[in-house]
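> Provided below for reference: sequence and predicted model.
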Amino acid sequence: MEKGDQMKIKNVNIIGHNYSIEYVNNPAEVDIYKRESLWGQIDYWTKTIRVYDNGRTLEDIYETVLHEIIEGLKQELNLQSLKDNHDDLTLLAIGLSDTLIRNNIVQLKESENDNRDCTSKD
Ligand SMILES: [Zn+2]
């Protein structure tokens, strides 16, 4: 297991739906259909999220995970304004991830006696 792996979220429940999160090192493997290279992808049918890893910083990876979570919320809640504007969704993910990390609401730094599977505070 690589350093930092325990800080990566493996599952996320998006308003009642469980998604498993997989981290891949080849950008072509992010796309479930292997058609294009992506940073992240959520698939509503298989309830899976794939995130490009390949040694990116935990902050970058967390931002991609949040982006895909917001994509999931957009789908589940039928958020029309985000459906029509992917740039807004991207900016929302950047701003939210920065706020959560900057205020230590989410901690990505490893501590000695921390072996939790999840990056959220209790
Ligand atoms: Zn997106």
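In hand now; what should we look at?
> what ranges do the strands span in the protein?
11-14, 17-24, 40-43, 48-52 (DSSP state E).
> most tightly surrounded among those?
strand 48-52 (a mean of 22; mean count of other Cβ atoms under 10 Å). For glycine as for every other residue, the C-beta is placed from the backbone atoms N, C-alpha and C.
> just want the most central residue of the protein.
Nearest residue to the geometric centre of the chain (Cα atoms, centre = their mean): Val65, 0.8 Å.
> shouldn't that one be in contact with Ile21?
Yes: using Cβ atoms under 8 Å, Val65 is in contact with Ile21, at 6.6 Å.
> so what sits against both of these two?
Overlap of the contact sets of Val65 and Ile21 (by Cβ atoms under 8 Å, 6 or more residues apart in numbering) consists of Lys8, Ile9, Val12, Ile49, Val51.
> from the residues you listed, pick the one nearest Glu29.
Minimum distance to Glu29 across these is 10.5 Å, recorded for Val51 (Cβ to Cβ).
> that older thread, could I get the strands of the chain as a markdown table with mean pLDDT and distance to Lys34?
Supplementary listing: the strands of the chain in a markdown table, determined by pLDDT from 0 to 100; distance: least, Cβ to Cβ, whole Å:
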| stretch | mean pLDDT | distance to Lys34 |
| --- | --- | --- |
| strand 11-14 | 97 | 23 |
| strand 17-24 | 97 | 11 |
| strand 40-43 | 96 | 11 |
| strand 48-52 | 97 | 11 |
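> hang on, the earlier thing: would you list the shared contacts of Val65 and Ile21 in TSV and tack on distance to Thr90?
What follows is these, written out as TSV (distance: Cβ to Cβ, whole Å):
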residue	distance to Thr90
Lys8	21
Ile9	19
Val12	19
Ile49	16
Val51	15
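> any residues touching the top helix by length along the chain, and which ones?
The longest helix of the chain (DSSP state H) is helix 58-77. For helix 58-77, contacts defined as Cβ under 8 Å, 6+ apart pick out 4, 7-9, 12, 14-15, 17, 19, 21, 23, 39-42, 44, 49, 51-53, 79, 82-83, 89-90, 92-94, 96-97, 100-101, 106, 108, 119.
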